[in-house]
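pasting a predicted model and its sequence here:
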Amino acid sequence: MFSSWGRTGWNAALLTWRAGPGRVVSVEVDDELARQAKGHLDAAGIDASVVVADGADGWPPGVPYDRVVSTYAVDQVPWAWVEQTRPGGRIVTPWGRLGHVALTVADDHRCAVGWMQGLAMFMPARGTPPSSSWLQVRGTGPADDERPFARDLHPLTDNAHLLFALRIHLPDVQISTGVDDDGVNVWIHDGVASWATLTTLADGEAVAFQGGLRRLADELEPAWNWWLTEGQPTLYDFGMTVEPERQYVWCRDAATGPRWPLSAYGRATV
């Protein structure tokens, strides 16, 4: 049996085609969206259940599930999903602002472990605090700090593996880029009060402007250095472990590799 947290019924329809009639439960927190999804499924003659509930709590009446598929992004995987999935079952979910993960529930049901599967961007879970824009964080005052930034900025525009590694190290930091006649420009902020701009000048050199409580360009460099020192791991070299009291992302080896504890809304624990 599949459990799917979905909206229009489309994913439930695809899963029903894959798993068979009567084997899919789709959970939707919004009454009206659930009604629409059920209407779409009924009109197509698809035998899938649609229930109104908070997907983060799963759907206990249907347990155990062979698969749980989330159609919204989570920063932490709800433990209810692990509890309600049989040992050996799989949980697939978008993770935060970047990436998606496929977890396998352990035979002893005490954890779920799996590898990142690629890039994905989905709407966040309800209740996730809205993120401020760079302009809102930047404000209009002068920069507090200006210095050369001795690094080629091009990888920040198109290297998904570097961006994923930076997302692991700086989970609350958002990075966007643009290109003008002089080269790459990068805008960085933490969604709260700190920002940085990396600007390529006409001579090809880059300069960093920073403001707020943190120096985000200074934080970016050691995370970037770690990625280079480790041999530029790809996003597929990272995985996640989910336990009742903690969750963390690791690199290359779940037991011995470096790990980064997670907390809600994409902020690393300390």
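Everything's here; your move.

walk me through which strands the biggest strand by length in the chain pairs with, and which way each runs.
With secondary structure taken from DSSP state E, the chain has its longest strand at strand 85-94. Strands that pair with strand 85-94, judged by DSSP bridges, come out as strand 65-70 (parallel), strand 100-105 (antiparallel).

out of those strands, which is closest to Thr93?
Among the strands paired with strand 85-94, strand 65-70 comes nearest to Thr93, with 3.7 Å by C-beta to C-beta. For every residue, glycine as well, the C-beta is placed using N, CA and C.

phi, psi of Ala254?
phi -60, psi -30 (degrees, to the nearest 10).

and it, what's its pLDDT?
Looking at Ala254, its pLDDT reads 97.

again, but for Ser4
50.

please apply the same query to Pro129.
Predicted confidence (pLDDT) for Pro129: 66.

likewise Ala43?
Per-residue confidence for Ala43 comes out at a pLDDT of 92.

can you tell me how far it sits from Ala13?
With distances taken as C-beta to C-beta, to the nearest Å, Ala43 is found 11 Å from Ala13.

which one's more surrounded, these two?
Applying other C-beta atoms under 10 Å to Ala43 and Ala13 shows that Ala13 carries more neighbours, namely 20 against 9.

how about the strands paired with strand 85-94 in a markdown table, adding distance to Val50, mean neighbour count and mean pLDDT?
Listed next are the strands paired with strand 85-94 as a markdown table, based on distance: least, C-beta to C-beta, whole Å; neighbours: other C-beta atoms under 10 Å; pLDDT from 0 to 100:
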| stretch | distance to Val50 | mean neighbour count | mean pLDDT |
| --- | --- | --- | --- |
| strand 65-70 | 14 | 22 | 95 |
| strand 100-105 | 23 | 21 | 96 |
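
out of these, which is closest to Asn185?
Among these, if distance is taken as C-beta to C-beta, the winner is strand 100-105, at 28.7 Å.

contacts for the closest one?
77, 82, 85-95, 111-120, 239-240, 242 (C-beta atoms under 8 Å, 6 or more residues apart in numbering).

quickly list what Ser26 is bridged to.
Judged by DSSP bridges, the bridge partners of Ser26 are Ser4, Val50.

and it, how far from Thr16?
From Ser26 to Thr16 the distance is 9 Å (C-beta to C-beta).

who touches both of those two?
Overlap of the contact sets of Ser26 and Thr16 (by C-beta under 8 Å, 6+ apart) consists of Ala48.

who has more neighbours out of those two?
A count of neighbours by other C-beta under 10 Å puts Ser26 above the other of Ser26 and Thr16, at 30 against 23.

the more buried one touches Val51, doesn't it?
Yes: look at Ser26 against Val51 with C-beta atoms under 8 Å: they come within range, at 7.4 Å.

one step back: give me the mean pLDDT for the longest strand of the chain.
The average pLDDT within strand 85-94 is 97.

okay, buried residues for it please.
Residues Thr85, Gly89, Arg90, Ile91, Val92, Thr93, Pro94 are the ones in strand 85-94 that count as buried (16 or more other C-beta atoms under 10 Å).

same thing with stretch 54-67?
Using 16+ other C-beta under 10 Å as the test for burial, stretch 54-67 gives Asp54, Gly55, Ala56, Gly58, Trp59, Gly62, Tyr65, Arg67.

start and end of that stretch, how far apart?
17 Å (C-alpha to C-alpha, to the nearest Å).

distance from the chain centre to it, please.
Taking C-alpha atoms, centre = their mean, to the nearest Å, one finds the center of stretch 54-67 at 21 Å from the center of the full chain.

cool, stretch 185-203 as well?
Distance, centroid of stretch 185-203 to centroid of chain: 22 Å (C-alpha atoms, centre = their mean).

cool, and stretch 75-86?
With C-alpha atoms, centre = their mean as the basis, stretch 75-86 stands 16 Å off its chain's centre.

who touches that stretch?
3, 56-60, 62-68, 70, 91, 93, 95-96, 101, 103, 105, 109, 111-112, 124-125, 128, 240, 242, 244, 247, 262-266.

and Asp218, that's in a strand?
No: looking at Asp218 with DSSP: H, G, I helix; E, B strand; the rest coil, it is helix, so not inside a strand.
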